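**Student:** got a predicted model here, sequence first, then my questions.
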Amino acid sequence: MLYLIFYYFFITTICLWVGMVIYSFIPSAGSNSRPFINYLLTGLMGITAIGQWVVLFLPLNISALFGILIFCGLISVIRKKQISRIFRNCLIINRNNSLLFYTCFLIFLALITVLNAGPLTMDDTASYHIQMVKWVQEFGSVPGIANLHMRFGFNSSWFSSIGILSYPVAWLNTYLSLNGLLCVWLCYFLLENLFNFFKKGESVKSKIRAIGSLVLLLLCFLNWPMFRGTASSANYDFISTCCIVVLFIDLYKNKDEAPIEWLIWPAYLFTVRMMNFPLFILSLVYISRFIKAFSVKKLLLIFFFVGFSITPFLIRNIILSGYLFFPVYQLDFFSFDWKVDKMKLIEISNYIKYFNRVNPMYQLMSVTERQNFPNWIPFWYNYLFRFDKLILTLSFFGYAFLLLFLKKMKNRLFRIFLFSMICQLVAWFLIGPDPRFAYGPLLFGIFAPIMSLPVMKVPGAGVTKYIVLLTSFFVLIYGFSKVFRDEDYRNFLTPRPLPVPAVRTIMVGHIHMNIPEKILNNWNPRCYDIALPCLYKQDPRLEARGEKIPDGFRLKSQSGYIFNGGEYKITE
């Protein structure tokens, strides 16, 4: 835990600084105040964008981070006045927080740190998230690693974010730290909005926004996959939720024009998970004002920035799998020798689609595949986890309310944001309707109707303060119970080490390949942090493209092999 506190402070400082450097190039940034989290997230995105280019050629290690920081330092010298102005505004915004605010924040911070230093709780993180970060940190981008395990083709810029901001140490589990920090940032932001309720002179809209922030904070702690699940994994779902929450809360600050975040953040979130592509609607709104003004110079700068963020992500997709939009097999533009097998790609695409409709632990996937739209919807809803069902139900009625009273909503930006959230939900529902992929737009469906509450319906400050104190008390008790009841959470200096499975070694060409055994009663074998390359099953067609790991991997011709039961076997 002590390591995590140091890590949180160090990475927060770096992201804050880089964020201010980026905002120093925006003319209105020095005069317009922004929430603390905006600088942090934008700084994180800037570091990641540069890192995405570096990882195409080199591993993302401490040298890459120092190179980025030196580059930002040179810019800081040039933009000294602008950055100083932004920094002063940032201090003014955050210096009026009360003692009660910091007490509640420290309680929430303690719980997140306990969970972040505790055991790993997500099988995807143990199976391929950690391995993807290791590939980023040790080799950069290696052709055809999706041939080792199809999930290694799921390229997300979040793996680069973790790779460049989490220095690898052989005996130290650093892979979950950035996820824990993300929870801390969002918790601070929601508490900051909530405590505006208790400040004198705040507008009614600000107080209603505080009530909405309280509801979001409660849901984030109650629903396991958000704060609790995120802090104990390296999954790349919660960063999208975090950014969307900040965007829609910021929407209620009487803005007449789309903020710069509507351009920067969607481009980044697309590289985190391609399912976020409907957010480009927000970017188009931001760009439209320069099209109307026919500002060619600014348009070129905008397209350069968007291209700078997205291009390396697409290139890396091709390097890892041979597909531009992996796992979208329908868009097949290239014929590199390391391209993954199309039959296996179709299989995993179907798995994503049907697994997220009904978990196989409740209904066999073969049954789900036979259920056409809309017949599968009742089964999908019935087998949702309890709090997911609560969030989904509240959000559904919230969107129904918003659409019913849409004509009364005069704010143009709000209507556009609502449209983009609906498009996001439609895409999510058709591609893979697991609620954790869409908590951002689902929470918007709960928050936005709260902002429509009449003035007389807003609870008093006394009631709200009581709820905050009660929530903090339960969070404190929950954290203590974790530490006292389970020794796995007693990690006061460093995070709990990752499990180390037994490994069977095989040779592919001149390269040693590691195949892990099952441990800890897991239903499947998991690579965790074992040495690269790791694979789960040996495809008889797998071969090395050279004598070294960076040369990559490919599959032999399909002739002489038959695809049966999800595997290729040599024909007799």
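**Tutor:** Yep, that arrived.

**Student:** drop to CA atoms for contacts and neighbour counts, all remaining ones
**Tutor:** Fine.

**Student:** now the helices for the stretch 51-200 of the chain?
**Tutor:** 62-78, 80-94, 99-116, 123-124, 130-138, 157-165, 177-195 (DSSP state H, counting those that start in this stretch).

**Student:** count of neighbours near the nearest residue to Ile244 once chain neighbours are set aside?
**Tutor:** Nearest residue to Ile244, sequence neighbours excluded (Cα to Cα, 6 or more residues apart in numbering): Gly440, at 5.3 Å. Gly440 has 25 neighbouring residues, counting by other Cα atoms under 10 Å.

**Student:** check Ser24 too.
**Tutor:** Considering only other Cα under 10 Å, Ser24 is surrounded by 22 other residues.

**Student:** ok, it touching Phe87?
**Tutor:** No - assessed by Cα atoms under 8 Å, Ser24 is found out of contact with Phe87, at 10.1 Å.

**Student:** just to revisit the earlier point, tell me the mean pLDDT over the host helix or strand of the residue nearest to Ile244?
**Tutor:** According to DSSP states H and E, Gly440 maps onto helix 439-450. The pLDDT scores in helix 439-450 average 94.

**Student:** buried set for the helix or strand just after it?
**Tutor:** As assigned by DSSP H and E, the chain's next helix or strand after helix 439-450 is helix 461-485. For helix 461-485, a neighbour-count test (16 or more other Cα atoms under 10 Å) marks 464-465, 468, 471-472, 475-476, 479-480, 482-483 as buried.

**Student:** now the closest residue to Ile506 other than its chain neighbours, what's its secondary structure?
**Tutor:** Of all residues not flanking Ile506 in the chain, Met513 sits nearest, at 5.2 Å (Cα to Cα, 6+ apart). Following DSSP: H, G, I helix; E, B strand; the rest coil, the label given to Met513 is strand.

**Student:** same check on Pro27?
**Tutor:** What three-state DSSP gives for Pro27 is coil.

**Student:** follow-up on the earlier one: would you format the helices of the stretch 51-200 of the chain as TSV with mean pLDDT included?
**Tutor:** Output for those, formatted as TSV (pLDDT from 0 to 100):
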stretch	mean pLDDT
helix 62-78	91
helix 80-94	77
helix 99-116	92
helix 123-124	90
helix 130-138	95
helix 157-165	95
helix 177-195	93
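
**Student:** most tightly surrounded among those helices?
**Tutor:** Comparing those by mean neighbour count (mean count of other Cα atoms under 10 Å), helix 157-165 ranks first with a mean of 26.

**Student:** poorly predicted segments of this structure, please.
**Tutor:** Along the chain, segments meeting pLDDT under 70 span 28-32, 91-96, 197-204, 254-255, 293-294, 453-462, 558-572.

**Student:** which residue is nearest the centroid of it?
**Tutor:** Ile239 (2.9 Å; Cα atoms, centre = their mean).

**Student:** quick one: which helix or strand includes it?
**Tutor:** Going by DSSP H and E, Ile239 is part of helix 238-250.

**Student:** that helix versus helix 157-165: what angle between them?
**Tutor:** Put simply, helix 238-250 runs at 100 degrees to helix 157-165, going by axes from the mean of the first three to the mean of the last three Cα atoms, to 10 degrees.

**Student:** who does helix 238-250 touch, helix- and strand-wise?
**Tutor:** Packing contacts for helix 238-250, counted by 3 or more Cα pairs under 8 Å, 6 or more residues apart in numbering; DSSP states H and E, involve helix 177-195, helix 261-272, helix 439-450.

**Student:** nearest spatial neighbour of Leu469, skipping sequence neighbours?
**Tutor:** Leaving aside its sequence neighbours, Leu469 sits nearest to Cys104 (Cα to Cα, 6+ apart; 7.6 Å).

**Student:** distance of that neighbour from Ile348?
**Tutor:** Distance, Cys104 to Ile348, using Cα to Cα, to the nearest Å: 44 Å.

**Student:** picking up where we left off before, skipping adjacent residues, who's closest to the residue nearest to the centre of the chain in space?
**Tutor:** Leu182 (7.2 Å).

**Student:** I figured the one you found hits Thr241, correct?
**Tutor:** No - proximity of Leu182 to Thr241 does not meet the contact threshold set by Cα under 8 Å, at 10.5 Å.

**Student:** number of nearby residues for Ser233?
**Tutor:** The burial count assigned to Ser233 is 28, neighbours taken as other Cα under 10 Å.

**Student:** and stretch 190-205, end to end?
**Tutor:** Its first and final residues considered, stretch 190-205 spans 15 Å by Cα to Cα.

**Student:** again, but for stretch 14-34
**Tutor:** 18 Å.

**Student:** follow-up on the earlier one: any idea how far the residue nearest to Ile244 lies from Met122?
**Tutor:** As judged by Cα to Cα, Gly440 and Met122 stand 20 Å apart.

**Student:** can you tell me the SS state at Arg504?
**Tutor:** strand.

**Student:** can you report how many residues lie near it?
**Tutor:** 11.

**Student:** if I look at it, how far off is Ala438?
**Tutor:** When Arg504 is compared with Ala438 (using Cα to Cα), they lie 38 Å apart.

**Student:** got it, and Ala258?
**Tutor:** According to Cα to Cα, Ala258 stands 23 Å off from Ala438.

**Student:** more neighbours, the two?
**Tutor:** Ala438 (25 against 19).

**Student:** follow-up on the earlier one: CA atoms only: put the helix holding Ile239 into PDB for me.
**Tutor:** Backbone C-alpha positions of helix 238-250 (Å, rounded to 0.1, in the frame of the first residue of the first chain) are rendered in PDB as follows:
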ATOM      1  CA  PHE A 238     -13.400   1.800 -16.700                       C
ATOM      2  CA  ILE A 239     -11.400   4.500 -18.400                       C
ATOM      3  CA  SER A 240     -14.200   4.900 -20.900                       C
ATOM      4  CA  THR A 241     -16.700   5.100 -18.100                       C
ATOM      5  CA  CYS A 242     -14.600   7.700 -16.200                       C
ATOM      6  CA  CYS A 243     -14.200  10.000 -19.300                       C
ATOM      7  CA  ILE A 244     -17.800   9.800 -20.200                       C
ATOM      8  CA  VAL A 245     -18.900  10.600 -16.600                       C
ATOM      9  CA  VAL A 246     -16.600  13.700 -16.600                       C
ATOM     10  CA  LEU A 247     -17.900  14.800 -20.000                       C
ATOM     11  CA  PHE A 248     -21.600  14.600 -19.100                       C
ATOM     12  CA  ILE A 249     -21.200  16.300 -15.600                       C
ATOM     13  CA  ASP A 250     -19.200  19.000 -17.300                       C
END
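
**Student:** what does it contact?
**Tutor:** Helix 238-250 has contacts (Cα atoms under 8 Å, 6 or more residues apart in numbering) with 38, 41, 182, 186, 209, 226, 230, 261, 265, 269, 272, 276, 417, 436, 438-441, 443-444.

**Student:** may I see the PyMOL selection of the buried members of these?
**Tutor:** Entered in PyMOL, the line below selects the buried ones among those, by 16+ other Cα under 10 Å:
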select buried, resi 38+41+182+186+209+226+230+261+265+269+272+276+417+438+439+440+441+443+444
